[in-house]
Structure formats: C-alpha cells, structure tokens
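Let me see the structure of the following:
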Amino acid sequence: MTGSQDDTLLERSRRSGLRITGQRRVILEVLEGATDHPDVEELHRKVSAIEPGVNIATVYRTMNTLAEHGLIERHTFEDGRTRFEPAPTDHHDHFIDVDTGEVIEFVSDEIERLQEDIARKHGFEIVSHKLELYVRRIKD
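Residues are numbered from 1 along each chain as shown. Now for the predicted structure:
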C-alpha cells in the first residue's frame, strides 16, 4: 500500500481508536509490508519470526477486529483460504495465478468504464464490486 506515513495501517488503527499493544503493532507492520495477501497462518509465521510470543489466536482476533473497523479487506479466492490486505485507499482488482496461488493487484480504467457503461445500460449504478480473474501465465 502506498501513501504518507499517516496512511499506514498502524496510524489508521490508532485513529479508529484501537489499542495498540506490542503484539498488535507487529501484526499490523507485517500485514502492511506483505505483498502476498497472506492468510492467518502465513501472518502468524511471519509475526512469530519477529515476536515469538504471539499465538495464532491473537492473530485471528486482531484480523477480526481490523475487519470490524474497516481497516482490512478479507478475500476468499478459489483456493478457499481467507486472505487479508490493508483496506485499499484506491480501488484495484486481482489476478489470481491458478498454478502458484500468487495474487497480483492491477488497475484498469478501461475495465472500470466498461463496467459502469454495462451497469448503466441495464439501469443500474455500481455501488461496490470486486473483480477476481483466475489466470495462468502464458508459456512461450
């Protein structure tokens, strides 16, 4: 996620009134630095490498609290694992590599315009949406 220092997940959590314990700070920092939309088990492994005393229940509770406050987004892709990312400040969509499980974020103004046009033609206004494209790398 990009933005100023005040846009960090830690700062947004503080502004939301959340108590920031040492363990929660580590969880927030690991999630903020993640580029792979980790699930709870992955987060726990990464957090435990920094702060060995953090148990997986703490990570689960923290993810639930962050979601309740709108600070993170949950994604359940085709593999069924619930993955997390800081709530984006700008809309983006996802490619999910079916071979590796890698999640790649992308933005396409053309797709956004097309969705708006299609919705309007059918008499709708888009309120919210998520686009997940399951992809496989083209082999040369």
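
got the contact list for the spatially most central residue of the chain?
Nearest to the geometric centre of the chain sits Glu85, at 1.7 Å (CA atoms, centre = their mean). Contact analysis of Glu85 by CB atoms under 8 Å, 6 or more residues apart in numbering lists Met1, Leu31, Ala34, His37, Ile72, Glu73, His75. C-betas here are computed from N, CA, C, even on glycine.

one more time with 7 Å
His37, Ile72, Glu73 (CB atoms under 7 Å, 6 or more residues apart in numbering).

out of those residues, who's nearest Glu102?
Nearest to Glu102, judged by CB to CB, of these is His37 at 9.0 Å.

Phi first, then psi, for the closest one.
Note on His37: backbone dihedrals following degrees, to the nearest 10 are phi 50, psi 70.

surely it meets Ile104?
No. Between His37 and Ile104 there is no contact under CB atoms under 7 Å: 9.6 Å.

Which one's more surrounded, the two?
In this view His37 and Ile104 are compared by other CB atoms under 10 Å, and His37 has more residues nearby, 23 against 15.

ok, that one to Leu114 distance?
25 Å (CB to CB, to the nearest Å).

With Val54 instead?
In terms of CB to CB, Val54 sits 44 Å off from Leu114.

what residue ranges in the chain score low on pLDDT?
Applying pLDDT under 70 to the chain picks out residues 1-6.

Name the residue in Val54 and Leu114 with the higher neighbour count.
Using other CB under 10 Å, the more surrounded residue of Val54 and Leu114 is Val54, with 21 against 11.

For that one, which residues are in contact?
With CB under 7 Å, 6+ apart, Val54 has these contacts: Gln23, Val26, Val47, Ser48.

hmm, who's touching the helix or strand where the third one lies?
Assigned by DSSP states H and E, Val47 belongs to helix 40-50. Under the contact criterion CB under 7 Å, 6+ apart, helix 40-50 has outside partners Val26, Ile27, Val30, Leu31, Val54, Ile56, Val59, Tyr60, Met63.

Need the buried ones from those residues selected in ChimeraX.
Per 16 or more other CB atoms under 10 Å, the buried members of the contacts of helix 40-50 correspond to this ChimeraX selection:
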select :26,27,30,31,54,59,63
